[in-house]
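> build the 3D model from these lines:
(one chain, ligands or ions: 1)
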Amino acid sequence: YQAIVLKAYPEAHINQDTFEVVSRPEEPLKSDEFRIAVSHLSLDPAMRGWVSPDPNSYIPPVQIGEVMRAIGVGTVTESNHPKFPVGARVTGITGWTEQLLSNGTGMTVLPEGVSAELALSALGMPGMTAYIGYKDILEAKPNQTIVVTGAAGAVGSVVVQMAVADGLNVVGVAGSDDKCDWLTQLGCQGVINYKTDNVAEKLLALTPNGVDLMFENTGGEVQHHVIERINPHGRVAVCGLIADYHSATPAPAPSWINLIKRRARIEGFTITDHYHRGAEITQGLLGYLQQGKLEHKVHTLNGLESAIDGVNLLFSGANTGKLIVEL
Ligand code: NDP
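Okay, the predicted model is just below:
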């Protein structure tokens, strides 16, 4: 079977020199193991950080020679594990590989009726991230005004839809008119194309009563204008700063003076701290899903090797919704 291992930490963007495609022989199962044939892989912005040799991140970097880390979905094809019988569909950290052996650590059996696409998007890591940021960090309430950056992405589109469903005034920020049109269809009262609009003017027009909440996925200019317009006791959940992932020096932050004047709060978070609450978070997301208030869009690439160049689509903005590789 084929797998993709890390060959060298990239200087800037991930490229064909970053990874090596290798052929590996099938290993026999140990007494508590099962074999997974991987069918779908998630491509995530965090992957850029996982191939940076920074020992101080929230998760250790992938080591040279190791299979590239990735969340995936697959089917059990052989099993010595009673909880993971042959035919079960599972999700967890599979890595960029066509198959792997697991003892079950970090693996979950997917319930009937949950597609791989749903398991990797609205009900998976991106949806859980959206839920924690929106519910726990922002403590969003009806009638508040929320600005969501990266709004047409995997995480952002879930935040937008929860906020619309809960009766907030939602302003979505994205990098193309097509994405903005989709956000309007999802129920955003206002949209900003940060590449073509005058962000400051548009934000002012769309938030006449200021901004109560911001779900920050990207960094960049919008952040500065939101902090200018943040309301008393406003909150910012810092989920991601994709605009900065390739730069050695992060972009300058907004002026903190408004945090004092408006008694506002900025808080970063990572979903890895909250996986132990998986069942509760899933229940919460299912609530929106079962009411028909949570749709998911996927952008699918084909074949294991498409993952290598595919990651960069997240940074050029060529994906709308969850970026997935189908094997
Ligand atoms: P998306 O599906 O949103 O894809 C990334 C999007 O980011 C692109 O489509 C692009 O959209 C936008 N983007 C890329 N470069 C820039 C830029 N320079 N300025 C502004 N926007 C840019 O990815 P995810 O939903 O998976 O992730 C969204 C964010 O959440 C990322 O920052 C990610 O790292 C973070 N994240 C954090 C987690 C946590 O635990 N804290 C967990 C999961 C994700 P556009 O066309 O609109 O520019």
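> going forward, measure contacts between C-alpha atoms and count neighbours the same way
Fine.
> in which helix or strand does the residue nearest the centre of the chain reside?
Central residue of the chain (C-alpha atoms, centre = their mean): Pro126, 3.9 Å from the mean position. Assigned by DSSP states H and E, Pro126 belongs to helix 125-131.
> which other helices and strands contact the helix or strand following that helix?
Per DSSP H and E, the first helix or strand lying C-terminal to helix 125-131 is strand 145-148. With contacts defined as 3 or more C-alpha pairs under 8 Å, 6 or more residues apart in numbering; DSSP states H and E, strand 145-148 has these neighbours: helix 154-165, strand 169-174, strand 211-216.
> any part of the second one near the ligand?
It refers to strand 169-174. Yes. Strand 169-174 lies within reach of the ligand by C-alpha under 6 Å from any ligand atom, at Ala174.
> and if you look at the longest one?
Yes. Applying C-alpha under 6 Å from any ligand atom, one finds helix 154-165 touching the ligand at Ala154, Val155, Gly156.
> returning to that earlier point: distance to Ile59, mean pLDDT and mean neighbour count added to the helices and strands packed on strand 145-148, as a markdown table?
Output for these, formatted as a markdown table (distance: least, C-alpha to C-alpha, whole Å; pLDDT from 0 to 100; neighbours: other C-alpha atoms under 10 Å):
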| stretch | distance to Ile59 | mean pLDDT | mean neighbour count |
| --- | --- | --- | --- |
| helix 154-165 | 20 | 98 | 26 |
| strand 169-174 | 28 | 98 | 27 |
| strand 211-216 | 21 | 98 | 28 |
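> hang on, the earlier thing: ok, and the closest non-adjacent residue to the residue nearest to the centre of the chain?
Val155 (4.7 Å; C-alpha to C-alpha, 6 or more residues apart in numbering).
> which ones are touching the one you found?
Ser121, Ala122, Pro126, Gly127, Thr129, Ala130 (C-alpha atoms under 8 Å, 6 or more residues apart in numbering).
> try it again at 10 Å.
121-122, 124-131, 133, 148-149, 215, 217, 239-240, 321-322 (C-alpha atoms under 10 Å, 6 or more residues apart in numbering).
> could you pick out which of those residues are near the ligand?
Answer for the contacts of Val155 near the ligand (C-alpha under 6 Å from any ligand atom): Pro126, Thr129, Asn217, Cys239, Gly240, Gly321, Lys322.
> and of the residues you listed, the nearest to His13?
Gly240 (17.4 Å; C-alpha to C-alpha).
> from memory that closest one sits against Thr149, does it?
Yes. Counting by C-alpha atoms under 10 Å, Gly240 does reach Thr149; the two are 9.5 Å apart.
> with neighbour numbers in mind, choose between the two.
Neighbours per residue, other C-alpha atoms under 10 Å: of Gly240 and Thr149, the larger number sits with Thr149, 31 against 21.
> pLDDT value on the more buried one, please?
On pLDDT, Thr149 comes in at 98.
> so what's it closest to, chain neighbours aside?
Val173 (4.7 Å).
> can you put the ones next to the ligand among the contacts of Val155 in CSV and add pLDDT?
Formatted as CSV, those follow (pLDDT from 0 to 100):
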residue, pLDDT
Pro126, 98
Thr129, 98
Asn217, 98
Cys239, 98
Gly240, 97
Gly321, 89
Lys322, 97
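> would you turn these into a markdown table with distance to Thr77?
Converted to a markdown table, these look like this (distance: C-alpha to C-alpha, whole Å):
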| residue | distance to Thr77 |
| --- | --- |
| Pro126 | 27 |
| Thr129 | 30 |
| Asn217 | 37 |
| Cys239 | 36 |
| Gly240 | 36 |
| Gly321 | 30 |
| Lys322 | 27 |
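> out of those residues, flag the one nearest to the ligand.
Distances from the ligand to the ones next to the ligand among the contacts of Val155, taken as C-alpha to the nearest ligand atom, are shortest for Gly240 (3.2 Å).
> mind listing what the closest one touches?
Contacts of Gly240 (C-alpha under 10 Å, 6+ apart): 45-46, 149-150, 155, 215-219, 268-270.
> and these, which is closest to Gln283?
Taking these together and measuring to Gln283 by C-alpha to C-alpha, the closest member is Val155, at 17.2 Å.
> quick check: closest non-adjacent residue to Gly220.
Ala243 (6.3 Å).
> from the ligand, how far out is that neighbour?
Ala243 sits 3 Å away from the ligand, going by C-alpha to the nearest ligand atom, to the nearest Å.
> that residue falls within a strand, correct?
No. Counting by DSSP: H, G, I helix; E, B strand; the rest coil, Ala243 is not part of a strand but helix.
> can you report how many residues neighbour it?
15.
> point out the residues in the stretch 151-300 of the chain that sit beside the ligand.
Counting by C-alpha under 6 Å from any ligand atom, the stretch 151-300 of the chain sits next to the ligand at 153-156, 174-176, 217-218, 220, 239-243, 269-271.
> still on that earlier bit, just send the residues of helix 154-165 next to the ligand back as TSV, with distance to Thr91 too.
Below are the residues of helix 154-165 next to the ligand laid out as TSV (distance: C-alpha to C-alpha, whole Å):
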residue	distance to Thr91
Ala154	17
Val155	18
Gly156	22
